[in-house]
Each structure stands twice: as structure tokens, then as C-alpha cells.
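Q: Sequence and predicted structure, then a few things I'm wondering about:
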Amino acid sequence: MEIVNPIRLLVTLGDMAGIGPEVVLKALPLIQAKDVQITLVGNQQRLRALGDQVQLPLGDYATIDVPLGADQGLQLGQGNAASGDLSFRSLQTAISYCLKDGYDGVVTAPIAKSAWLAAGHHYPGQTELLAEMAGVDRFGMLFAARSPITQWTLCTLLATTHIPLRQVPAALTPELMTLKLELLLDCLQQDFGIQQPRVAIAGLNPHSGEQGQLGREEVDWLIPWLHEQQQRFPQVTLDGPVPPDTLWVTPARAWSVSGHPAHHGYLALYHDQGLIPVKMLAFDQAVNTTIGLPFIRTSPDHGTAFDIAGQGIARPDSMVAAINLAIDLSIQRRKNRSA
Ligand SMILES: NC(=O)c1ccc[n+]([C@@H]2O[C@H](COP(=O)([O-])OP(=O)(O)OC[C@H]3O[C@@H](n4cnc5c(N)ncnc54)[C@H](O)[C@@H]3O)[C@@H](O)[C@H]2O)c1
Ligand SMILES: N[C@H](C(=O)O)[C@H](O)COP(=O)(O)O
């Protein structure tokens, strides 16, 4: 029977010198959801060659071919201008199709930022290209990870992402935090169906500044800002600024102990403050999700893993989780639109 209106996803192959094609080919047979159409976006000749190399069949998926560039110096395990340019054009192609042909979303295999730079593409990552082409300036980098033990989902939004650590304090402003909190609350309510979310906001300094003795960001503006936001959103619970060294203790317990109390969402102030605990706890389950786009975008939490590319030992788990989350979010978005 013809399936009416299946979920339609584009899956990019990422930097083809990395493990992206391998984890995509390993993940696809593990996707159990029905009513899903997946289209692979990348260089198909290289995909077939990589599939042969790691003995993975391509299967009969729809494909959108992206031609190799003038520089055909693709070398497995070695990100360079050739692999960077190809992965950049593959993502551009996927976003254009998504915007033009109404796909539900894009799942992106990893790219190497250094390879993009080598190819002359000056973006901090895929997130910024997605936002630019989608024409949005309110967007965020959220990591969602569902525990295989308790089914509890850890949702962590990063207030700042790919900037040098020394630039973080100046980048953290009440305006930025308000933008990120609004995105997080909207995501928890709309995408995850949590109507009265409990959110924990991390402090910046050790012990959240110890009443100003170990740094003043909390006493000077973060605490007053939090009180203002709690007034704005009486139906949600905002806790913090929580000392960052103990913030992750309850989510770690909720990951392995059913019913252990934890927050629905965590707002980390900078990249590694949020991603060290996420990747320690959930490296094989965490999914990078760009919120604020007009379509779904998910990505595994790992990178190109050039050190193991071509060896056939990459684990597809995070890519499986990324595809499954894209399916779940697509279904939820369709329900929201028809409500
Ligand atoms: N989603 C993305 O596009 C994304 C995410 C993170 C990093 N990156 C980029 O990837 C490049 C390499 O980054 P990195 O080395 O810091 O991190 P990485 O995640 O690529 O690798 C870190 C370590 O984890 C291992 N690893 C990663 N994924 C694995 C998998 N699926 N199975 C088994 N082992 C795996 C690698 O072998 C390596 O030892 C950088 O250019 C970085 O910017 C991209
Ligand atoms: N910070 C992410 C991670 O560590 O998984 C990753 O670099 C994502 O970046 P883009 O999706 O913006 O490329």
C-alpha cells in the first residue's frame, strides 16, 4: 500500500575522508521506523567505493549526487581542502533541497571545521551555515541524549559554542541568555511536549562565584537576570546559577536510576562546560540538534574520527540516534502544525 505522506529526510555524508559514510551505511539498516524516506546527499561514487572498502552494501536508498570538485585529492583519514569543499557543497545541497522541496529535515554526518577552512569556507561549523541559508538569526545548539537504561532524556543547550574560552565571559550577556532560554523553553514545550519544564542554568565561576569572591558574573547580572526570567515564565521552574561542578550529578543519576529527579533542560554557558558531561555520559546516544530552524536538523555528537576512518570499526549508535530523533521530531512538528 502506498504510504501517504511519509517522513522525508535528507542525510548528508559529511567529510568523506572521515567516518561519516561508514556510520551512515551502518546506521540505515538499524532504523526501524516505517513511513520514512531517506535520501543520501554526497558523492555517490566515493560512497560506493567506501562501502566496498568497509564491506557495507549501499542499499537502495535515494541519492542526490554531489560532484567531486576540481581538487580530487580525497584521502581517507586526512581531512583537507578537497574533502572540506565536498562536505560543504553537500550540506549546501541538502539545505537547498530541504527549503525548496519541503523535506522534514536534514541529518548531517560530521564535517571537519579545519577542512572547511582549508577550502576557504569560513564558518565555525555546520550550524552557522544552516542558520544562514535558512535565514534565521535565533538558533541554538542543543544536545539531546536518551538513556538506554531509564529512557530519561538529557537535554543540554549551549549558550555559547565555537568561540575561544577567553571570549566566553564577554559573550555571555543577559540578551544572549534570554534568547537561548526562550529557544530552550520553546523546544522543550513544542518538540518534547513538556508543558511546565524545569530548567537548570549553570554558573560560570567555580562554586558560582561564591557570593562574588570567585568571580562576579553571577552576583552582578546572572542572578538578577534569572529572577527576571522566572517572573516572565511563572509556569516553568528555573534553578541556578548552579555550581558547574555539581550541576551534572543529578542528570548522571537520572541517566542510570529510573525516576531519579532531574531537570528537563540544562543551559550550559559554554561548549565544553556542557559537552564534557554529555559526551562522558552519553557519547553513543547524544544527538546535536539545531533548534530555531524552519526544519529539523540533527547530527551525531562525534566528529570525523579521521584516526579510525576506513578501518570499519566506527560505531553507528549516535548516527542511529540522530536519525531516530529527526523522525520523532518530524512527527511531533507535523502534529503541532495540524493541531
Ligand atoms: N557533528 C560534527 O560535524 C562534529 C562533531 C564534533 C567534531 N567535529 C569535527 O570533527 C573533527 C575531529 O574532531 P575530534 O577528533 O575532536 O572528535 P571526534 O569525535 O572526531 O573523535 C574523538 C575520538 O572519538 C573517536 N570516535 C569518534 N566517533 C566515533 C565513532 N562513531 N565510533 C568509534 N569511535 C569514535 C575517534 O576515533 C577519536 O578517538 C574536528 O574537525 C571537529 O571539528 C564535527
Ligand atoms: N560542537 C559540536 C560537537 O562537539 O558535537 C559540533 O562541533 C557541532 O558543530 P556543527 O554541527 O555546528 O558543525
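A: Here it is on my side, so go on. Ligands and ions are numbered 1, 2, ... in the order given.

Q: How about the residues of the chain by ligand 2?
A: Proximity of the chain to ligand 2, by CB under 6 Å from any ligand atom, involves residues 125, 126, 127, 275, 288, 299, 301. Every C-beta, even on glycine, is put in place using the N, C-alpha and C of the backbone.

Q: Quick check: beta-bridge partners of the residue lying farthest from the centre of the chain?
A: Within the chain, the residue lying farthest from the chain centre (CA atoms, centre = their mean) is residue 213, at 35.4 Å. Counting by DSSP bridges, residue 213 is bridged to residue 215.

Q: tell me the SS of residue 123?
A: Put simply, residue 123 is coil when judged by DSSP: H, G, I helix; E, B strand; the rest coil.

Q: Setting aside sequence neighbours, what's the nearest residue to it?
A: Nearest-residue entry for residue 123: residue 129, 5.1 Å, with adjacent residues in sequence omitted and distances by CB to CB, 6 or more residues apart in numbering.

Q: which sections of the protein are below the confidence cut-off?
A: 1-4 (pLDDT under 70).

Q: Tell me which residue of it lies closest to ligand 2.
A: residue 125 (2.6 Å; CB to the nearest ligand atom).

Q: Report the contact partners of residue 214.
A: Residue 214 is in contact with 205, 206, 207, counting by CB atoms under 8 Å, 6 or more residues apart in numbering.

Q: Kindly supply the ChimeraX command isolating those of the residues you listed that are buried.
A: Remark: buried members of these, expressed as a ChimeraX selection using 16 or more other CB atoms under 10 Å:
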select :205
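
Q: For residue 215, give me its contacts.
A: Counting by CB under 8 Å, 6+ apart, residue 215 touches 204, 205, 206, 209.

Q: what's the closest of the residues you listed to residue 252?
A: Nearest to residue 252 among the contacts of residue 215 is residue 206, at 19.3 Å by CB to CB.

Q: quick one: the closest one and residue 246 touch, right?
A: No: Residue 206 is beyond contact range of residue 246, at 10.9 Å (criterion: CB atoms under 8 Å).

Q: Okay, and which of the contacts of residue 215 map to strands?
A: Residues of the contacts of residue 215 located in strands (DSSP state E): none.
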